[in-house]
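K.L.:
just to be clear, the model below is a prediction. Sequence and coordinates:
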Amino acid sequence: MGFLRNLGGSDDSDDSGEGATKRRQMFQLAAGLGVAALTPDDLRQYFDVNPLVDSDTLTGWELACAQHLTAVCTRPAEEAHRNLEPDLTAVLLRAQLLAGTFGPGHARTRDIARVVAAMSTLNANVLTRLGEPARAARWWRTAQDMADASGDLNLALGIRSTAAGHMLSAGGSDPTAILKMIHDADALVARSPASYGAALMELTLAKALSRLGHHDEAITRLERVSDQLASGRLEVTIMPDYWANQQLTYATMVIYSAAGAEAESQAAQEQILASNRDYQYPIIARLHAALCTVVCGGVEEGARSAADMLAEVPPTFRTTMIDRAGTMVIRAIPIDRRARPEVRDLRSMLAIEA
């Protein structure tokens, strides 16, 4: 398929320039001394030569976040994670120094907290793709805590919505637990109830309700916020493209596919196939199309389509979220029809025992 053609292409996401060199130097310093052995004096000596945070340095970190986001969307998850770790280590060390030097409420500390929140979000995202839900959950919490520390309410709401959405997509958490996670953010939502971030939380709630089989309520909530999400954009100062990757279209596809609403599901899927820049979502969209077919009674056709889709995906690009979407197709098949050859083929593709 067209959306698979460039999966093995060249990697143009590597950071470069003076800002990248300084971050690598800091990581090498940490590696040489051992993080536990680093003292404020050690780091201060380093920053005697390399300034703490000025506008150019902050711009460099924001650029690094954007480049790592590109890698997450275009490269195998293992590779994206390996390339992210040095910068994540460096920014955590820098945040520790700034907090100790200026205090938690200083503008520089809040700025670097925003960077840590963004990079932690990417780390949690890629760990979710790699099938490490416990580690991902810890990084989602770090991302949320650092967004709160930054004072950026929109970022805090955006991170909570994407954390809950990824946990749903990966299937590592009970949907009822995710509902609690969403409702725990009610106080934040109440601070800006008409915001795009609040609408994202409502959208994630709709997906959770859909997963629990409450299709009518999920569709009602989806329709309630669709106009706001279609016309708006999360007002964040870092990594804005992360929050503008067809969240409404993807949720529409998920919710209507599960409900067996073929026309609405197909319209959303076509948009994702045409323009989603993250390699896994067009694949997941095709698997949800197969799910919708099964829900509407086409068991053999849906199972065959899902198996064919999975067969096209290079192994290094098979994320947990892709496999989870395939598993949802099987779970939608009535038990008395799971012995069909097409279903057995799909089960084999997913390494699921009968």
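P.N.:
Thanks, I have it.
K.L.:
for the stretch 51-200 of the chain, which segments are assigned as helices?
P.N.:
If DSSP state H, counting those that start in this stretch is used as the criterion, the helices of the stretch 51-200 of the chain fall at 55-74, 77-102, 107-129, 133-150, 153-170, 175-183, 186-191, 196-211.
K.L.:
helix/strand/coil for the residue lying closest to Glu62 once chain neighbours are set aside?
P.N.:
Spatially, and ignoring its direct neighbours in sequence, Glu62 is nearest to Ile238 (5.5 Å; Cβ to Cβ, 6 or more residues apart in numbering). Using the backbone N, CA and C atoms, a C-beta is placed for each residue, glycine as well. Following DSSP: H, G, I helix; E, B strand; the rest coil, we place Ile238 in the coil state.
K.L.:
to what extent is the residue nearest to Asp152 when sequence neighbours are not counted buried, counted in neighbours?
P.N.:
Of all residues not flanking Asp152 in the chain, Arg114 sits nearest, at 5.8 Å (Cβ to Cβ, 6+ apart). When neighbours are defined as other Cβ atoms under 10 Å, Arg114 has 26 of them.
K.L.:
list the contacts for Arg114?
P.N.:
By Cβ atoms under 8 Å, 6 or more residues apart in numbering, the contact set of Arg114 is Met146, Ala147, Ser150, Asp152, Leu155, Thr237, Ile238.
K.L.:
switch to 10 Å and redo it
P.N.:
Shown in contact with Arg114 (Cβ atoms under 10 Å, 6 or more residues apart in numbering): 58, 61-62, 65, 95, 146-147, 149-152, 155, 236-239.
K.L.:
likewise for Met349?
P.N.:
Taking Cβ under 10 Å, 6+ apart, we find Met349 in contact with Ala303, Ala306, Ala307, Asp308, Met309, Leu310, Ala311, Val313, Arg318, Asp323, Gly326, Ile330.
K.L.:
out of those residues, which are buried?
P.N.:
Buried members of the contacts of Met349, counted by 16 or more other Cβ atoms under 10 Å: Ala303, Ala306, Ala307, Asp308, Met309, Leu310, Val313, Arg318, Asp323, Gly326, Ile330.
K.L.:
out of those, who's nearest Ala206?
P.N.:
Nearest to Ala206 out of the buried ones among the contacts of Met349 is Gly326 (Cβ to Cβ; 22.5 Å).
K.L.:
which secondary structure element contains the closest one?
P.N.:
Using DSSP states H and E, Gly326 sits within helix 320-331.
K.L.:
next, the angle from that helix to helix 196-211.
P.N.:
Relative orientation of helix 320-331 versus helix 196-211 (axes from the mean of the first three to the mean of the last three Cα atoms, to 10 degrees): 40 degrees.
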